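**Student:** the sequence and its predicted three-dimensional model are supplied below.
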Amino acid sequence: HREATTTNQTFSDDFSDKGIYLHRAYAVYKPNWLNGLELTAGKFKNTFLNTRNMWDPDVNPEGIYERYQYQGWKNFKPFIHLGQMVVNEVKDQTDDAALYINQLGFDWNLGKVKWTLAGSYTDWANIHNSKYLHEADYKGGGGNTFSKDANGHLHYEYDYNLWEGITFVKFKLWDIPTTLTFDYIVNTADHVPSDHDTAYYAGFQLGDTKKKGDWFLRYYYARIENDAVIGSMNDQDFYGANRKGHKVRARYMLYDR
């Protein structure tokens, strides 16, 4: 298996054959009879509001999602976004590892300011049946808490039932596009220690890169306790859970796209 958090191919193994990986393949249905409804199935881009505290941008979930955003008001547009994803199908078992996401929020245009706010509940169901996920986490130093059973098999110590609040505020600061971001996550599963269950992310971006000469500067601070998120699914440049620190990124567009 190749990890879900990278699109890289390693050239090695004495010129051995390389696999061809499917990055995305999906079908979208947007009915004319209900403007704002979107139904998608397959392997698709992560369309849920998120930050890198929860998801690496290279992760493309597999399953189905339903999204509806009410279009009846000009400036205030509430939405609901539901997802049912397959993590690992287990032969001869009914308890497949699965991921369920329920997100509710709104986009609100307040004159020169756009405010987006959402709350979500993310349930990693039967995660003990996802052998690849926890082995990738353990071997990659993902930061989550593991234990071994009497047979030496590796297991997550806790479940992951995550409540999240996330917000983005967009406006112009001296004609510079500016975005403020805050994300707060808490794992409410049973028996998770209080010093292991929380993650938060706060940052900003100045500028944007759409054409030649554009630039941006991005900064954020993140703190991710051991079992606040799945450490093999979030930002792998930040290296999983049980981490805290600052990250700065800048870009300048030398050419038009």
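**Tutor:** Received it, and whenever you're ready, just let me know what you need.

**Student:** number of nearby residues for L104?
**Tutor:** 14 (other C-beta atoms under 10 Å). Just so you know, the C-beta spots here come from the backbone N, C-alpha and C atoms, and that holds for glycine as well.

**Student:** pLDDT weak spots in the stretch 101-250 of the chain?
**Tutor:** For the stretch 101-250 of the chain, the stretches with pLDDT under 70 are 132, 134, 136-141.

**Student:** what about stretch 85-93, average pLDDT?
**Tutor:** Stretch 85-93 shows an average pLDDT of 74 in the prediction.

**Student:** element containing V229?
**Tutor:** Under the criterion DSSP states H and E, no helix or strand holds V229.

**Student:** residue contacts, it?
**Tutor:** Going by C-beta atoms under 8 Å, 6 or more residues apart in numbering, V229 touches 53-54, 160, 162, 185, 187, 199, 241.

**Student:** rerun at 6 Å
**Tutor:** Contact analysis of V229 by C-beta atoms under 6 Å, 6 or more residues apart in numbering lists 54, 199, 241.

**Student:** okay, and E135 sits in which element?
**Tutor:** helix 131-139.

**Student:** just checking: what are the partner strands of the helix or strand just after that helix?
**Tutor:** Next in sequence after helix 131-139, counting helices and strands by DSSP H and E, comes strand 146-148. Partners of strand 146-148 in the sheet, by DSSP bridges, are strand 154-156 (antiparallel).

**Student:** now the partner strand: buried residues?
**Tutor:** By 16 or more other C-beta atoms under 10 Å, the buried positions in strand 154-156 come out as Y156.

**Student:** G72: how many residues sit nearby?
**Tutor:** Residues contacting G72 under the criterion other C-beta under 10 Å number 9.

**Student:** where do the strands sit along the protein?
**Tutor:** Secondary structure of the chain, counting by DSSP state E: strands at 25-29, 37-43, 62-69, 76-88, 97-110, 113-125, 146-148, 154-156, 160-173, 176-187, 198-208, 215-224, 243-252.
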